[in-house]
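S.K.: fold the following and give me the result.
(one chain, ligands or ions: 2)
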Amino acid sequence: MKGFENKVALITGSSQGIGAACAIRLAQEGADIILNGRELDERGEKVLQQIREMGRRAEFVVADVSKAPAVIKLIEDGIAAFGRLDILVNNAGVEKNNDFWNVTEEEYDFVMDTNLKGVFFGIQAFVKYCKDNQREGVVVNMSSVHEEIVFPHFAAYCASKGGLKMLTRNLATELAPLNIRVNNVAPGAIATPINKKLMDNKEQLESVLDNIPMRKMGTPEDVAGLVAFLSSDDAKYVTGSTYFVDGGLTYHYEEQ
Ligand code: NAI
Ligand code: BGC
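M.R.: Residues are numbered from 1 along each chain as shown. Ligands and ions are numbered 1, 2, ... in the order given. Model prediction:
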């Protein structure tokens, strides 16, 4: 894909799962990479090493993106690492399974602050940098099919991803004059640690697969391919939308 040479991409929550796959894919395309997580553990070290072995530069910045000052500092540290930042992938996300009537303020804040507040202030810091330095920018937000379809017992998660949907549309319009593109990627059921419980429960997994026309879960690499496209110059006229990577989950309907 076009447009990754000499570019730097920062991917939040990139020690494992979809974030790690995005980091590796963008590095394969030719970008240098800023990884992030709440801590640098052996999973993060492994991704760092893998990217460096490809001949790309990579650094890991520890930050908890659910806190506005921390995510702002993450962007600043990311820019400082290689002297520029071109692509921001807001991937870090969490979910909490609970009946709506039992959800605590703590659970609500945990989900909303990570999935929406952190994204909001991370993009804000990136935009200030782009604006001050007259640079173009690309933002890809990791939303979910649940920005569109319901997910009972995950009300805060749905609210956070629904919020991302409107944030993206709003920012695409407001930031187009600055040459900053903003899009969402909406994965369906992807085989990552976030879905461990689901994958360990055969019955529950079958019922999820019944909702997926392709009858299988996706891989982190399936999502990373779409993120790479949206981050590339091949997508230079693409902004303000959500792109689904869900095996047909969202818009399926069948009669026996
Ligand atoms: P995961 O749980 O494997 O990875 C999430 C990563 O984000 C972890 O490395 C975690 O440590 C990091 N993270 C969480 N909170 C953080 C914070 N406050 N600061 C920094 N890092 C933090 O999950 P997965 O599946 O890779 O999810 C990535 C994104 O994709 C999330 O936004 C999730 O909502 C979204 N998604 C996942 C789907 C799936 O089926 N796996 C489907 C739809 C969306
Ligand atoms: C959730 C997963 C779920 C998938 C499909 C994602 O947003 O994080 O837990 O399996 O949507 O419902």
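S.K.: ok, residue 93 touching residue 115?
M.R.: Yes - taking C-beta atoms under 8 Å as the definition, residue 93 is a contact partner of residue 115 at 4.9 Å. Every C-beta, even on glycine, is put in place using the N, C-alpha and C of the backbone.
S.K.: now do the shared contacts for the two.
M.R.: residue 160 (C-beta atoms under 8 Å, 6 or more residues apart in numbering).
S.K.: so which elements touch the helix or strand hosting residue 46?
M.R.: Counting by DSSP states H and E, the element that carries residue 46 is helix 42-53. Judged by 3 or more C-beta pairs under 8 Å, 6 or more residues apart in numbering; DSSP states H and E, helix 42-53 is in contact with helix 17-29, strand 32-37, strand 58-62.
S.K.: these: which one's closest to residue 50?
M.R.: Nearest to residue 50, of all these, is helix 17-29, at 6.1 Å by C-beta to C-beta.
S.K.: so for the closest one, mean pLDDT?
M.R.: Regarding helix 17-29, the rounded mean pLDDT is 98.
S.K.: so does that helix get close to ligand 1?
M.R.: Yes - using C-beta under 6 Å from any ligand atom, helix 17-29 reaches ligand 1 at 17, 18, 19.
S.K.: got a list of contacts for that helix?
M.R.: In contact with helix 17-29 (C-beta under 8 Å, 6+ apart) are residues 1, 4, 9, 11-14, 33, 35, 43, 47, 50-51, 54, 56, 58, 87, 89, 91-92, 142, 187, 190, 192-194, 219-221, 223-225, 227-228, 231-232.
S.K.: can you do 6 Å?
M.R.: Helix 17-29 has contacts (C-beta atoms under 6 Å, 6 or more residues apart in numbering) with 1, 4, 9, 11, 13-14, 33, 35, 47, 51, 54, 56, 89, 91, 192-193, 220-221, 223-224, 227-228.
S.K.: show the buried residues in these.
M.R.: When these are checked for burial by 16 or more other C-beta atoms under 10 Å, the buried set is 1, 4, 9, 11, 13-14, 33, 35, 47, 51, 56, 89, 91, 192, 220, 223-224, 227-228.
S.K.: in helices, which of the residues you listed appear?
M.R.: Mapping the buried ones among the contacts of helix 17-29 onto helices (DSSP state H) picks out 47, 51, 220, 223, 224, 227, 228.
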